[in-house]
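1. One predicted model, sequence on top.
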Amino acid sequence: MIKTLSTAATGLEAQSSNIERISNDLANVNTDSYKKSRTEFNELMVETIKDPGAQVGATSQSPVGIQKGLGVKVGANHKIFEQGPPKMTGNDLDIMIEGKGFLPVQKANGEVVYTRNGAFHRDGQGKITTTNGAQLIPNMVVPANAIDLKILPTGEVKALMQNGQEQELGQIQLVRFVNEQGLSSMGEGLYKPTLASGAPTQGIPGEDGLGQLQQGALEGSNVNVAQSMVEMIQAQRAYEMGTKIMGVADQMLNATIQIK
């Protein structure tokens, strides 16, 4: 009975982690460029009492064995990088990636990280930065006397000056990874590479499988509310079943103790 209690407890812990993931997804349903997560479960170590094919007697073998499962654990919790819906904003510095790729940005401490959130702003020096102060790479400075800004689908950034002339500010490049799910999330829509993601590969938007840029739009969250609600109900039912199993095991253990 003690094993039953511990096995059921692993199920409660796993479903609790699943509910935490679902609640985080739903909390970020309106967060620009947010990517939903997926929880994968793995069976815990199996206790083998008798191996299949074990020798029975002198000449025969057992066609089946005796193995007991010891519960479940969370095997992985990773991001799903599906394209989110477009949100038209009309803001000159809002950039949406239509397809694969990440925008490289540099944090205040010099660390280079990557994001799909293209909600950029100009700081006091005219530099293009994210809301948390990370600068777009390559660094670009929008002139103070610029009256308009144009970002082409292939990443060229041009400023329209008061004299009617266009001034080229730079070329936005995108980055891709062999395994996007191997990226480490840092919060605030930022990711950093790991050994699992592979090294970043940089390229021009629209080339080598990279997406193009759309000015004046942002990528919305890819959380499907209806699907998340269904997953929440399933996790809730699984948790309730785990508690019932623990209750039954406790009753059976109590009945065993009361035997006289």
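-> The structure has been received and is ready for your questions.

2. quick one: buried residues of stretch 172-187?
-> Across stretch 172-187, burial judged by 16 or more other C-beta atoms under 10 Å covers 172-177, 180, 182-183. Backbone N, C-alpha and C define where each C-beta goes, glycine included.

3. again with stretch 39-57
-> When burial is assessed from 16+ other C-beta under 10 Å, stretch 39-57 yields the following buried residues: T39.

4. Need the contact partners of it.
-> The contact list for stretch 39-57 (C-beta atoms under 8 Å, 6 or more residues apart in numbering) reads 10, 14, 17-18, 21, 61-78.

5. In PyMOL, how would I select the buried members of those?
-> Command for PyMOL that selects the buried part of those, burial taken from 16+ other C-beta under 10 Å:
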select buried, resi 10+14+17+18+21+71+72+74+78
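
6. Which ones among the contacts of stretch 39-57 map onto helices?
-> Within the contacts of stretch 39-57, residues falling in helices by DSSP state H are 10, 14, 17-18, 21.

7. quick check: domain ranges of this protein?
-> 2-81+225-257, 86-219 (automatic domain parsing).

8. how far does the last one stretch from start to finish?
-> The reference is to domain 86-219. Distance across domain 86-219, first residue to last, is 5 Å (C-alpha to C-alpha, to the nearest Å).

9. can you tell me the average pLDDT over that domain?
-> Taken as a whole, domain 86-219 has a mean pLDDT of 93.

10. and if you look at the shortest one?
-> Per-region confidence: domain 2-81+225-257 scores 87 on mean pLDDT.

11. Centre-most residue in this protein?
-> K79 (2.1 Å; C-alpha atoms, centre = their mean).

12. For it, give me its contacts.
-> Going by C-beta under 8 Å, 6+ apart, K79 touches 35-38, 180-181, 183, 185.

13. Which of those fall within strands?
-> Counting by DSSP state E, these place 37-38, 185 in strands.

14. Save the residues you listed as CSV, and put in distance to T48 too.
-> Output for these, formatted as CSV (distance: C-beta to C-beta, whole Å):
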residue, distance to T48
S37, 34
R38, 31
S185, 38
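
15. Which one of those residues is nearest to R122?
-> Taking C-beta to C-beta as the measure, R122 lies nearest S185 of the ones in strands among the contacts of K79, at 26.8 Å.

16. give me the beta-bridge partners of the residue nearest to the centre of the chain?
-> K79 forms beta bridges with S37, as assigned by DSSP bridges.

17. N30 versus that one, what's the distance?
-> Using C-beta to C-beta, to the nearest Å, K79 is found at 17 Å from N30.

18. Ok, I233 next?
-> I233 is 22 Å from N30, where distance means C-beta to C-beta.

19. contacting residues around the residue nearest to L149 when sequence neighbours are not counted?
-> Distances taken as C-beta to C-beta, 6 or more residues apart in numbering place D92 nearest to L149, at 4.3 Å, with adjacent residues excluded. By C-beta under 8 Å, 6+ apart, the contact set of D92 is 148-149, 151, 215-216.

20. Kindly recompute the last result at 7 Å.
-> D92 is in contact with 149, 215-216, counting by C-beta atoms under 7 Å, 6 or more residues apart in numbering.

21. Which of the residues you listed are buried, as a PyMOL select command?
-> In PyMOL, the members of the contacts of D92 classed as buried (16+ other C-beta under 10 Å) are selected with the following command:
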select buried, resi 149+215
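
22. Inside strands: which ones of the contacts of D92?
-> Among the contacts of D92, DSSP E puts 149, 215 in strands.
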